[in-house]
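A.B. asks: from the sequence below, what's the structure:
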Amino acid sequence: MGERPDFDGFVVARSGRLLRTAYLLTGEHALAEDLLQTALAKAWFGWSRIDGDPEPYVRKILVNTYASWWRRKWRGEHPTEELPESGHTGHQDASDTNQDLWTALGRLPRRQRAVVVLRYFEDLTETETARLLDCSVGTVKSQASKALAKLRVDPSLSEHGSTPPGPVRDHDDVNAREAR
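C.D. replies: I've put the predicted structure just below:
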């Protein structure tokens, strides 16, 4: 029981930020809450084995759990004869551009979406992102490049002249500028 207050304190202090990451990965509040709860439950069981800052450990559980959810057969949908009432999503004030961005992010493959969320929304370095996704820095760079290329040509973003999140500099553009 000695570790329990530390875990509770961690949840109180960091769950808001982790929920934001979960939402950016899933695109739905209910799924984000489920994802975070699942990740925190997994972290609780391994809490005594965590050395140092537990946030990277929990964030890795979050991303890995999200990536493995596609294997589940049941998606939480129930066929009915009548459509349910649409609930309040809390985003009525969001602009069309923001909605288009969420739509475009939702079209990205899971790994690319995870890289974009971690790099540009969570502002993690390439090295931190690679460590969380258990891949090389080169993979993070290539997945980010592919994701940004897809976002640049996404029809929902190009109609409104929107730009993808974060610094949208292509590595070739940066290299060309540095060569001058």
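
A.B. asks: can you map out the strands along the chain?
C.D. replies: Along the chain, no segments are classed as strands by DSSP state E.

A.B. asks: ok, the most centrally placed residue in it - contacts?
C.D. replies: Centroid-nearest residue in the chain: L25, 3.0 Å away (criterion: CA atoms, centre = their mean). Shown in contact with L25 (CB atoms under 8 Å, 6 or more residues apart in numbering): 32, 35, 62-63, 66, 113-114, 117. Every C-beta, even on glycine, is put in place using the N, C-alpha and C of the backbone.

A.B. asks: using JSON lines, lay out those together with neighbour count, pLDDT and distance to G138.
C.D. replies: Shown next, in JSON lines, are the contacts of L25 (neighbours: other CB atoms under 10 Å; pLDDT from 0 to 100; distance: CB to CB, whole Å):
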{"residue": "A32", "neighbour count": "21", "pLDDT": "92", "distance to G138": "29"}
{"residue": "L35", "neighbour count": "24", "pLDDT": "92", "distance to G138": "27"}
{"residue": "L62", "neighbour count": "25", "pLDDT": "92", "distance to G138": "23"}
{"residue": "V63", "neighbour count": "25", "pLDDT": "89", "distance to G138": "18"}
{"residue": "Y66", "neighbour count": "22", "pLDDT": "88", "distance to G138": "22"}
{"residue": "R113", "neighbour count": "21", "pLDDT": "90", "distance to G138": "19"}
{"residue": "A114", "neighbour count": "25", "pLDDT": "91", "distance to G138": "16"}
{"residue": "V117", "neighbour count": "25", "pLDDT": "90", "distance to G138": "19"}
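
A.B. asks: show me these that map onto helices.
C.D. replies: The helices, defined by DSSP state H, take in 32, 35, 62-63, 66, 113-114 from the contacts of L25.

A.B. asks: now this structure, which segments are flagged as low pLDDT?
C.D. replies: For the chain, the stretches flagged by pLDDT under 70 are 1-5, 70-79, 83-98, 158-180.

A.B. asks: dump stretch 128-142 to PDB, restricted to CA.
C.D. replies: Only the C-alpha atoms of stretch 128-142 are listed here, as PDB (Å, rounded to 0.1, in the frame of the first residue of the first chain):
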ATOM      1  CA  GLU A 128      11.500  10.600 -27.100                       C
ATOM      2  CA  THR A 129       8.900   9.700 -29.700                       C
ATOM      3  CA  ALA A 130      11.000   6.800 -31.000                       C
ATOM      4  CA  ARG A 131      11.500   5.600 -27.500                       C
ATOM      5  CA  LEU A 132       7.700   5.700 -26.800                       C
ATOM      6  CA  LEU A 133       6.900   3.900 -30.100                       C
ATOM      7  CA  ASP A 134       9.800   1.500 -29.700                       C
ATOM      8  CA  CYS A 135      11.200   2.300 -33.100                       C
ATOM      9  CA  SER A 136      14.200   4.100 -34.600                       C
ATOM     10  CA  VAL A 137      14.500   7.900 -34.900                       C
ATOM     11  CA  GLY A 138      14.600   7.300 -38.700                       C
ATOM     12  CA  THR A 139      11.200   5.600 -38.500                       C
ATOM     13  CA  VAL A 140       9.800   8.600 -36.600                       C
ATOM     14  CA  LYS A 141      11.200  11.000 -39.200                       C
ATOM     15  CA  SER A 142       9.800   9.000 -42.200                       C
END
